[in-house]
Structure formats: structure tokens, C-alpha cells
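A.B. asks: next come a sequence and a model predicted from it.
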Amino acid sequence: MAEQSSVEQRKHDLTMYVFSISAAMVGVCLTAIGILKVMTNQSHIDTIGDELLAATWAPLRYTYAGTNEVDVDWVADHTAELTIIDVRDANEWSGVLGHIEGATLIPLEQLRERAPSLGQDKPVVAVCRSGARSAQAVAILEKAGFTRVANLAGGMISWNNHRLPVSTGA
């Protein structure tokens, strides 16, 4: 019985170790999770591994508000690999700040309804004027089952401040 307790303690210790590893050690983390999964045959370990993998698609920053965000320069360099949704209204979309070429306009109030029509084959970046509404959009998409989703840090204001290209037409 003591031997079984010792094994359980080692499993627990390994689990705690896995969770204490920094983001820079995700590869080591995933290896440990694979070993832990084999040792324990616990299905929730799959979810942990999926969450760690989901967080590696971009250099994400987790905000105090509880939202993943990504910098505009990174998004500008990877637009072809992303689904970009703009959650502003149509007037803002074609207004002075413009919109990111290739983005899809889905006003925030329509997002819950339209989320199932968005594919999950590419990571999703949500954008608005400053980042507040798009942070709400990230929460909506996460509740809808999206795992690779982030807010564009600073929104279109930051995009324009970085002098990145915009479209202003409808």
C-alpha cells in the first residue's frame, strides 16, 4: 500500500512540475504530459496538452483582464495564416481608421450567432478600434469552443500608429 502511495505522490509531483515550467519550455512540458498520460491514463491530460499547443500558435500575451492578445507587427507578418475578424460596426469599418485587408466584418452584437460559421482551421484574431470590444469577442469565441484566438493589442488605433496598410472601402 505504501508503494502505491509513493507512486501516486510521484505522479502528483510530476504533475506539479509540469505546471510550473515556463512558456519557453512548452516542448519539455508536452513531453512530460505524454509520459504522464501514459502513466496515469487520465483523459483530462489530453485537454491540458491541447491548451498548451493552442497557446503556441503565436507570441501571445495573457492580460490582467484574462485575454490572450497578440502584437500588431506579428499579425501584419502573418495575415495569410490567420482569420481576422473586425467586430466594429460598418461605419467604423469603412471609416477613418479603415480595416485590415482580408479581415471579415462581424459586428460584436452578431458574433455569437455567426461564430459557428467561422472555420477553426486557422487561428482567429479579433480586432476593433482600441481592443476593448475585440477582447469581448475573444471571450465569446472561447465560449464557442475556439482555442486558437487572440485580441489584436491596441486595435486599429495601434495598427494605424504602426503605419500598417489599411483598406477604407466597404
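C.D. replies: Cool, the structure landed. Numbers count the residues shown, from 1 in each chain.
A.B. asks: domain map for the protein?
C.D. replies: The chain breaks down by automatic domain parsing into domains covering 2-54, 61-161.
A.B. asks: out of those, which gets the lowest mean score?
C.D. replies: Among those, domain 2-54 carries the lowest mean pLDDT, at a mean of 50.
A.B. asks: what sits up against stretch 162-170?
C.D. replies: 72-73, 76, 90, 93-101, 156, 159-160 (Cβ atoms under 8 Å, 6 or more residues apart in numbering). (C-beta placed from N, C-alpha, C; glycine too.)
A.B. asks: any idea which of these has the most stuff around it?
C.D. replies: Met156 (28 neighbours; other Cβ atoms under 10 Å).
A.B. asks: I figured that residue was touching Ala126, is that so?
C.D. replies: No: using Cβ atoms under 8 Å, Met156 makes no contact with Ala126, being 11.6 Å away.
A.B. asks: list residues touching both of the two?
C.D. replies: Residues touching both Met156 and Ala126 (Cβ under 8 Å, 6+ apart) are Asp86.
A.B. asks: now the strands for the protein?
C.D. replies: 61-62, 68-70, 83-86, 104-105, 124-127, 149-152 (DSSP state E).
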